[in-house]
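**Q** Dropping a prediction and its sequence here:
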Amino acid sequence: MATVTKISKALTSTGVRLPPLPTIRDLVKLYQLRAIKQLSQNFLMDERLTDKIVRAAGNIRDHYVLEVGPGPGGITRSIIRQNPRHLVVVEKDRRFMPSMEMLAEVTQPFMRMDIVQGDILDYRIEKAFPDCSQHDWMDGKRAPVHLIGNLPFAISTRLLINWLRDMSLRTGAWSYGRASLTLTFQKEVAERIVAPILSDQRCRLSVMNQIWSKPDLRFMISGRAFVPKPEVDVGVVTIVPLRTPLTEVHFDTVEKVIRNIFSMRQKYCRRGVSNLYPPDGREELTGETFKKATVDPLARSFQLSVDECLRIVEAYDELSRQHPEIVGYDFRAPKIKGAGARENRDVDQ
Ligand SMILES: C[S@@+](CC[C@H](N)C(=O)[O-])C[C@H]1O[C@@H](n2cnc3c(N)ncnc32)[C@H](O)[C@@H]1O
């Protein structure tokens, strides 16, 4: 571990020196590193870029930070240099544990660093920071809790939707208050998250994000900066929860309706919405939805504002309280033999 124990950059305010980030050659030697494709491993080894990502999170001094997938620890070092109070890193790949342990040891007198070897999708963030008190959601300030990560692309969209759900229910990281996110996404996904009405990238992810948060695409990083180089460039996005979300309808209902609205991008939005309803009564209920919502059923989904999407959600929510039998309906569910032929015909017409 000669290279890792070499001392390089100082922690500015504490005078503590961090073990330097291993070079690419070190990575190969020390960890017999072959990037594992299933874990979406593309490492960022340029300190200026890792510092820039952490700066995008704003002030984290004395705050609580969770880093997703630290890998060899480039972003981790940038976080530590900003002197958070408590850092938790969650990494699935056991090969990175020794270098994380070394960082935890060096920083131990000045801050708390916990290492979790495991899957971020299973990790309970509400238990991560026992010393962090709850912060009032409605006062102007954000909670001193930040989720930061150069995300594994294979799970980034799923993770974001899970986190938006937690944000809406004020569970997980949002049990502490208005926690913020600073994350990387493949360029196209980053553009979709912030896409405004009428844009080519407008999709379910845009509307879902914009209902509960203010997402910002802060800057792009060329794919060339990563090792190994991914096929695409990468966007750094910050996501700050809105003090007042744009709806009070339950996340699961909103997600279901928005998914249907955007399920057939090139067709009239009426078509996707109609699939929310069982064939018996589909026409009538779809007509009623658009009437209640005062939205043009012949608009395409990308032509709808967040407000129009939410009016459709609210109309569906109201109708499903009047007709409880439609709540569990899923037009993609396997069809019962015999009924299937008829139902498929209805959908295709
Ligand atoms: C894109 S790499 C980023 C590594 C490092 N942060 C960097 O910027 O160089 C993604 C990291 O997430 C880890 N990872 C992948 N899936 C994970 C999961 N489900 N839970 C936790 N970590 C995961 C990978 O092992 C890898 O270290």
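**A** Right, received. Where do you want to start?
**Q** Can you name the residues of this protein that neighbour the ligand?
**A** For the chain, the residues in contact with the ligand (CB under 6 Å from any ligand atom) are 39-44, 69-72, 74-75, 90-93, 119-121, 150, 152, 155. The way it works is simple: take the backbone N, C-alpha and C, and place the C-beta from them, glycine included.
**Q** Of those residues, keep whichever come out buried.
**A** 39-44, 69-72, 74-75, 90-93, 120, 150, 152, 155 (16 or more other CB atoms under 10 Å).
**Q** Now do the strands in the chain.
**A** 43-44, 64-68, 86-91, 112-117, 145-149, 180-186, 213-221, 226-227, 234-241 (DSSP state E).
**Q** Mean pLDDT for these - can I get that in CSV?
**A** Shown next, in CSV, are the strands of the chain (pLDDT from 0 to 100):
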stretch, mean pLDDT
strand 43-44, 92
strand 64-68, 98
strand 86-91, 98
strand 112-117, 98
strand 145-149, 98
strand 180-186, 97
strand 213-221, 98
strand 226-227, 89
strand 234-241, 98
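**Q** how about those strands in JSON lines, adding distance to Leu285?
**A** As requested, the strands of the chain are arranged in JSON lines below (distance: least, CB to CB, whole Å):
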{"stretch": "strand 43-44", "distance to Leu285": "49"}
{"stretch": "strand 64-68", "distance to Leu285": "41"}
{"stretch": "strand 86-91", "distance to Leu285": "44"}
{"stretch": "strand 112-117", "distance to Leu285": "47"}
{"stretch": "strand 145-149", "distance to Leu285": "39"}
{"stretch": "strand 180-186", "distance to Leu285": "36"}
{"stretch": "strand 213-221", "distance to Leu285": "31"}
{"stretch": "strand 226-227", "distance to Leu285": "48"}
{"stretch": "strand 234-241", "distance to Leu285": "33"}
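**Q** can you tell which of the ones you listed is closest to Arg270?
**A** strand 213-221 (28.1 Å; CB to CB).
**Q** Name the residues of the closest one that are buried.
**A** Ser213, Pro215, Leu217, Arg218, Ile221.
**Q** show me the contacts for the residue of the stretch 151-300 of the chain found nearest the ligand.
**A** Of all residues in the stretch 151-300 of the chain, Pro152 sits closest to the ligand, at 3.4 Å by CB to the nearest ligand atom. Going by CB atoms under 8 Å, 6 or more residues apart in numbering, Pro152 touches Leu39, Ser40, Gln41, Val68, Gly69.
**Q** Please apply the same query to Ala57.
**A** Residues near Ala57 by CB under 8 Å, 6+ apart: Val65, His146, Ile148, Ser180, Thr182, Thr238.
**Q** Next one: the third one from Val54, what distance?
**A** Here the criterion is CB to CB, to the nearest Å. By it, Ile148 lies 7 Å from Val54.
**Q** do the same with the first one
**A** The span separating Val65 from Val54 equals 9 Å under the rule CB to CB.
**Q** Return the nearest residue of the stretch 1-150 of the chain with respect to the ligand.
**A** Gly69 (2.1 Å).
**Q** just checking, that residue touches Ile120?
**A** Yes. Between Gly69 and Ile120 there is a contact under CB atoms under 8 Å: 7.0 Å.
**Q** who touches both of these two?
**A** By CB under 8 Å, 6+ apart, Gly69 and Ile120 have these common neighbours: Val90, Lys92.
**Q** all helices of the stretch 201-349 of the chain, in order?
**A** 204-212, 251-261, 269-274, 282-293, 306-322, 339-348 (DSSP state H, counting those that start in this stretch).
**Q** For those, give me CSV that also has mean neighbour count, distance to Asp233 and mean pLDDT.
**A** Output for the helices of the stretch 201-349 of the chain, formatted as CSV (neighbours: other CB atoms under 10 Å; distance: least, CB to CB, whole Å; pLDDT from 0 to 100):
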stretch, mean neighbour count, distance to Asp233, mean pLDDT
helix 204-212, 23, 18, 98
helix 251-261, 20, 27, 97
helix 269-274, 22, 31, 96
helix 282-293, 17, 38, 97
helix 306-322, 19, 27, 97
helix 339-348, 11, 38, 39
